[in-house]
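In: sequence first, then the predicted structure, then my questions.
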Amino acid sequence: MTSCETAGNNPRTILPARATVRYNLAYINHSIFAGDNGRVLGYDGQHGHHHRHYLGIVTEIAFKGFEEIEALFEGELHQLPKRGSI
């Protein structure tokens, strides 16, 4: 069960400590990387653990919250070259 707390005009959802969080963030570009279905960079919490994908290499990561994972993904995404090679 979730509850909702309001702080000014910013409502936020509070999840129970053992809540299941499902997410999948991916940058796909087949011209940069053909493996892993074109996934150049990705973060997801599938298969019972949280992990990062980068050019076909999968690394387990610590999950401290979706906002942190999203910030990591966006930061790395902006560091990738804009052209068709890495």
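Out: In hand now; what should we look at? Residues are numbered from 1 along each chain as shown.
In: just confirm Gly56 contacts Asp36, I think it does.
Out: Yes. Between Gly56 and Asp36 there is a contact at 4.8 Å, judged by Cβ atoms under 8 Å. All C-beta spots, glycine's among them, are computed from the backbone N, C-alpha and C.
In: the more surrounded of those two?
Out: Set Gly56 next to Asp36 and count neighbours by other Cβ atoms under 10 Å: Asp36 wins out with 16 against 11.
In: ok, the more buried one - contacts?
Out: His53, Leu55, Gly56 (Cβ atoms under 8 Å, 6 or more residues apart in numbering).
In: Asn37: what secondary structure?
Out: Here Asn37 is helix, with the state taken from DSSP: H, G, I helix; E, B strand; the rest coil.
In: confidence score at it?
Out: In this model, Asn37 is scored at 94, pLDDT.
In: setting aside sequence neighbours, what's the nearest residue to it?
Out: Nearest residue to Asn37, sequence neighbours excluded (Cβ to Cβ, 6 or more residues apart in numbering): Ile28, at 7.0 Å.
In: mind listing the residues bridging to that neighbour?
Out: Note on Ile28: beta-bridge partners by DSSP bridges are Arg39.
In: residues near it, how many?
Out: For Ile28, the count of nearby residues is 13 (other Cβ under 10 Å).
In: roughly how far does it sit from Gly48?
Out: 23 Å (Cβ to Cβ, to the nearest Å).
In: residues in contact with Ile59?
Out: No Ile there; residue 59 is Thr. Thr59 touches His51, Arg52, counting by Cβ under 8 Å, 6+ apart.
In: strands paired with the helix or strand hosting it, and their directions?
Out: Thr59 belongs to strand 57-60 when assigned by DSSP states H and E. If you go by DSSP bridges, strand 57-60 pairs up with strand 51-54 (antiparallel).
In: state the mean pLDDT of the partner strand.
Out: 95.
In: give the buried residues for it.
Out: Arg52, His53, Tyr54 (16 or more other Cβ atoms under 10 Å).
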